[in-house]
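Chemist: Need coordinates for the following:
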Amino acid sequence: MELDNLKSLWNKEDVSETPEISPEKQRQLHHPLERIRKNMRYEFWSTVILMPFILIAIWFFPLPFRFNLYIEILVISMTLVTVFFFSKFFKLYKEISNPALGTLDSLKDLLHQFDLNKQYYLSFYLSFVPFFVCEMIIIIESIPYTHHYTNGYLTLVFIGSVVIGLSILYFIGNWWFQHFYGKYIRKIEVLVEEIKK
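Modeler: Predicted structure coming up:
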């Protein structure tokens, strides 16, 4: 008896389907998604091309062996970190390429993926802080010691370089994300809000 009541209640419930996105909205959505994909391809290939050039430049500069070794290890470590983050990046790229973005729920999921990608971007730039600090230590340690460079002077140069370098890294990273992705993500958010109404 109880089971029959539950079945009848279940059948009476009005289960609304996920709203479909109109073809017009899908066309409006296509442009920002395509721009994001294009920028992702650009960023990936520019990084792939840049990394070997950095290593080649290090090999051809006449640097002391230890200095050269430390820099090579840092660049290789940075490359491994970059590969990890690009694996996350590629997952989003495949999600954007998915043609099944015809429902509001799929768009909401995509916006969630964009939010995760923004967090990955922030983590990516933060992961370069130790590398930057290590590079500054290597550079300062390689400066030949003379009576002109006191410990206080080197400390000020080190701290100043780290603060200025990290500030530049933060502002460039923030600008890069907003310029290449943020403005297109905002267009998609506006479309999602229009569809909800």
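
Chemist: Just give me the residue right at the centre of the chain.
Modeler: Nearest to the geometric centre of the chain sits Tyr121, at 2.7 Å (Cα atoms, centre = their mean).

Chemist: Give me the mean pLDDT for stretch 156-165.
Modeler: Averaging pLDDT along stretch 156-165 yields 84.

Chemist: Give the buried residues for that stretch.
Modeler: For stretch 156-165, burial by neighbour count (16 or more other Cβ atoms under 10 Å) applies to 161-162, 165. C-beta coordinates here come from the backbone N, C-alpha and C atoms, glycine included.

Chemist: Outside of that stretch itself, list whatever touches it.
Modeler: Outside stretch 156-165, the residues that touch it by Cβ atoms under 8 Å, 6 or more residues apart in numbering are 132-133, 136-137, 140.

Chemist: go with 7 Å
Modeler: Stretch 156-165 has contacts (Cβ atoms under 7 Å, 6 or more residues apart in numbering) with 132-133, 136, 140.

Chemist: Stretch 109-117: how far from the chain's middle?
Modeler: 12 Å (Cα atoms, centre = their mean, to the nearest Å).

Chemist: Nearest spatial neighbour of the residue nearest to the centre of the chain, chain-adjacent residues omitted?
Modeler: Nearest residue to Tyr121, sequence neighbours excluded (Cβ to Cβ, 6 or more residues apart in numbering): Phe177, at 5.2 Å.
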